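> Sharing a model that was predicted from the sequence below.
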Amino acid sequence: MREIAKACVIAAKDMLTEIRTREVVSSVVVFAVLVIVIFNFAFGSNPQAADLVAPGILWVTFAFAGVLSLNRSFVLEKEEDCIEGLMVAPISRESIFLGKFFGNLLFIFLIQVIVIPVFSLLFNVGFFNIELVLITVLASVGFASVGTLFAAMAVSTRARELVLPVLFFPVITPVIIAAVNASALILEGGGLGDITQWLGIIGAFDVIFVVASYLIFCFIIEE
Amino acid sequence: MAVETIPAVEIKNLSRNFGTFEALNNLSLVVEPGETLAVFGHNGAGKTTLLKILSTVMKPTRGNIYYSGLSIAEGAENVRRRLGVVSHRTFLYSSLTAYDNLVFYSRLYDVAGYETRIKQLLNRLGLRSRMYDKVGTFSRGMSQRLAIARALLHHPEVVLMDEPESGLDTFAMDALWQLVREDSRTVIFTHHNLERGFQAASRVVIMARGKMFFCPGVKCSFDELEKAYKASLETA
Amino acid sequence: MKRRVLFFVSSGLLLASFYMVLVFVPTERDMGIVQRIFYYHVPLAWIAFLAFFVVFFASTGYLIKRKPLWDHIACASAEIGLVFISLMLLTGMIWAKAAWGVWWIWEPRLTTSLVLWFIYVAYFIVRAYVVEEERKARFGAVVGIIGFLNVPLVFLSVTLWRTQHPPLTIFTEGLAGSMMATLLVCLFAFNFFYFYLLAEGTLMKADERAVKQLKEESIRRNP
């Protein structure tokens, strides 16, 4: 309980930083919209093509934007060795992981809340129904869990901008495949029954990697 | 007959390797409650490594540390509650205000009634007027003062400081030592300047090559310290 | 001594496998000469997965025990695994070109291997960008663990994604006796060969470490 309470203190701190600077929202959202627009040029704007590639574009955008925001989250902690400040505080290493994980998850949601309406507008696809929200939320949990773990690692290497995507993208392949296909099925008019297998894969990914990241995180930040 | 007291800090056979390099080599040291211990040593002697292990950021390869009898190997969280740490870096978020930063750390340390505590510390360190400014706009000295406030928020029993005076002016140095010595705290600090460190300390030791090179039980004279320090440089 | 035994056994078996694959086994009726790739393709795949399992196992061992030996085993095994999975992908591509007329098909097993290839390339990229030996080992171990946990999920998602593809005919029809014998000899040969390479690789890493230690010590003594 205390672990979660302290994690929320850390996540709240990350949110406060964002309120004070608006760095992530401004830069990442502009980036995400830019990606969408460029994809639109690449695939042409005919409605049939849009329906076909829309889910793919959306999830690629989330993955790219996620990398930016994840990197940012640990650059913040590294600037004045703040992560050490957290490590000397009377909280467990796991609590630090949960705090950063909650913070990153919130950021991913924040990005999605802004990007999805823009996306629906530009691609003229309705993206507001309960199944799509479910897919998005579940997939985001998976993104944030391994993302937090790898971002903590990337920030201690000599090339964090390279290391994070190189690690992050192959590992989240199952989530991307599942989320894209499930979204496509829903957009074609399918229901919850059509996507249970896909949701199962995303759910399994979430459980395995939230637990694994929670357990492994302490090995990454220690010195 | 003297009463046996539990040492505030007891370092037992501490070793730490970095790959093949031995930064600390079977180091032992006892610090009594209320002592202000200055640790000197040439670059690479292992001072920073020692402080990092003392502050539980780094794990030792071998050996253990006891704070008032509490081992850091088990229950590091309870030990951390008793420690205040001032490092080379400030541990402060540059995009948050001074007040935000201190509130954040107060919550992590469960400081009750933190508002008065924060204002009191900022007053004494001459930062009250900059309380609501972002730390990013602070000078090196001001950030360092704020870092000291951050370390003392929760009334720690033991304070660990790595080069605490770097960037401070005379006023701030006085404020630092006054604040740190309150509540008869135990203090362990490193200093690059023998004279300044000697003045502030109640006992001095010198490290060389990961070991205690010079470790008198009571405070020695400055001449002795200087002589021993020169000798320690030759081992490097 | 044991290494020498492993060396002779594996070279003997490999020579025998050359003979069986190139001379002994009859040419397959439908596929023709290219089918002979199969006898190496399958053992390559098997060894790659075995090697990655060893990486996972040794990585866990390293995080628990913190003995350099575990890291040496993990790193050596990852090197072997990466070479083998690269060869497996190459032979798979040659096979695909002969069987389906294209160099690449998104067949579940091949696709899973491709994702794994990326993950273990990332393993070496991470290690390359970390300076400190000990942190290098720790970060490598984390990637080794996360990467392997991901294998079933990648496979499941890719399979579900590509269900429309025909299953490979080799396994459905069963193998003729001589073909089975050849495959088994190849499998045995590669297994011994893997363990021989692993032993050599691990010892080499230990030697590298010892040399580095001597170098550092001599620099410290006579700067």
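Yep, it's here.

> need the residues of chain C near chain A, please.
C:63, C:115, C:118-119, C:121-122, C:125-126, C:129-131, C:135, C:138-139, C:141-143, C:145-147, C:149-150, C:153-154, C:156-158, C:160-161 (CB under 8 Å from any CB of the partner chain). Where C-beta positions appear, they are placed from N, C-alpha and C, glycine not excepted.

> Buried ones among those?
By neighbour count, with 16 or more other CB atoms under 10 Å in any protein chain shown, these hold C:63, C:115, C:118-119, C:121-122, C:125-126, C:129-130, C:135, C:138-139, C:141-143, C:145-147, C:149-150, C:153-154, C:156-158, C:160-161 as buried.

> Would you map the helices across chain A?
A:2-21, A:23-43, A:47-79, A:82-88, A:93-123, A:130-154, A:160-171, A:173-187, A:196-221 (DSSP state H).

> The shortest one and chain C, are they touching?
This points to helix A:82-88. No. On the criterion CB under 8 Å from any CB, helix A:82-88 is out of touch with chain C, staying 14.1 Å away.

> Could you report the neighbour count for residue A:129?
Per other CB atoms under 10 Å in any protein chain shown, the neighbour tally for residue A:129 reads 11.

> I'd say it and residue A:186 touch.
Yes. In this structure, residue A:129 is within contact of residue A:186 by CB atoms under 8 Å, at 7.0 Å.

> Give the burial count for residue B:13, as a bare number.
13.

> now stretch B:163-182: mean pLDDT?
Average pLDDT, stretch B:163-182: 87.

> What lies in contact with that stretch?
Outside stretch B:163-182, the residues within contact range by CB atoms under 8 Å, 6 or more residues apart in numbering or on different chains are B:36, B:86, B:88, B:121, B:124-126, B:139-141, B:143-145, B:148, B:152, B:159, B:161, B:187, B:189-193, B:196, B:200.

> same thing but at 6 Å, please
B:86, B:124-125, B:140-141, B:144-145, B:148, B:159, B:187, B:189-190, B:200 (CB atoms under 6 Å, 6 or more residues apart in numbering or on different chains).

> Which strand residues bridge residue B:205?
Counting by DSSP bridges, residue B:205 is bridged to residue B:39.

> pLDDT value on it, please?
pLDDT, residue B:205: 90.

> now do residue B:233
pLDDT at residue B:233 comes out at 84.

> Kindly report the same for the one 3 residues further on.
Predicted confidence (pLDDT) for residue B:236: 62.

> How much space separates the residue nearest to residue A:192 when sequence neighbours are not counted from chain C?
Once flanking residues are discounted, residue A:192 sits nearest to residue A:131: 5.6 Å by CB to CB, 6 or more residues apart in numbering or on different chains. Shown here: residue A:131 relative to chain C, a distance of 17 Å by CB to the nearest CB, to the nearest Å.

> Residue A:131 reaches residue A:188, doesn't it?
No. Using CB atoms under 6 Å, residue A:131 is not in contact with residue A:188, being 11.7 Å away.

> Show me which of those two is the more surrounded one.
Between residue A:131 and residue A:188, counted using other CB under 10 Å, residue A:131 has the larger neighbour count: 18 against 11.

> Scan chain C for its longest helix.
Per DSSP H, chain C has its longest helix at helix C:177-221.

> do it and chain B meet at all?
Yes. Using CB under 6 Å from any CB of the partner chain, we find that helix C:177-221 touches chain B at C:213, C:216.

> Against which helices or strands is that helix packed?
Secondary-structure packing of helix C:177-221 (3 or more CB pairs under 6 Å, 6 or more residues apart in numbering or on different chains; DSSP states H and E): helix C:2-19, helix C:38-65, helix C:68-100.

> To what extent is residue B:218 buried, counted in neighbours?
The number of residues near residue B:218, taken as other CB under 10 Å, comes to 6.

> For chain A, see how far away it is.
From residue B:218 to chain A the distance is 30 Å (CB to the nearest CB).

> Could you measure from that residue over to residue B:231?
19 Å (CB to CB, to the nearest Å).

> now do residue A:176
Applying CB to CB to residue A:176 and residue B:231 gives a distance of 63 Å.

> Can you pick out the residue with more neighbours from the two?
residue A:176 (20 against 13).

> Check the more buried one and give its pLDDT.
Residue A:176 is given a pLDDT of 93.

> One more: the one 4 residues further on?
We note a pLDDT of 92 for residue A:180 in this prediction.

> The one 5 residues further on now?
We note a pLDDT of 88 for residue A:185 in this prediction.

> can you check residue B:193 too?
So residue B:193 comes in at 88 (pLDDT).

> For it, grab phi and psi.
When read as degrees, to the nearest 10, the backbone of residue B:193 gives phi -100, psi 110.

> ok, now residue A:90?
Residue A:90 adopts backbone torsions of phi -80, psi 60, taken as degrees, to the nearest 10.

> Show the contacting residues for it.
Counted by CB under 6 Å, 6+ apart, residue A:90 has contacts B:77, B:80-81.

> Could you identify which of the residues you listed has the most neighbours?
Most crowded among those, counting by other CB under 10 Å, is residue B:80 at 24 neighbours.

> Can you verify that residue is assigned to a strand?
No. Counting by DSSP: H, G, I helix; E, B strand; the rest coil, one finds residue B:80 to be helix, located in no strand.

> distance of it from residue B:54?
11 Å.

> Point out where chain A drops to low pLDDT.
A:44-45, A:47, A:127 (pLDDT under 70).

> count of neighbours near the closest residue to chain B within it?
In chain A, no residue comes nearer to chain B than residue A:85, which is 3.0 Å away by CB to the nearest CB. The tally of other residues near residue A:85 (other CB under 10 Å) stands at 25.

> Buried ones in stretch C:24-32, by neighbour count?
C:25, C:28, C:31.

> oh, I was asking about stretch A:24-36
Here stretch A:24-36 shows A:24-25, A:28-29, A:31-33, A:35-36 as buried, counting by 16+ other CB under 10 Å.

> That one vs chain B: in contact?
No. Stretch A:24-36 does not reach chain B (CB under 6 Å from any CB); its nearest approach is 11.2 Å.
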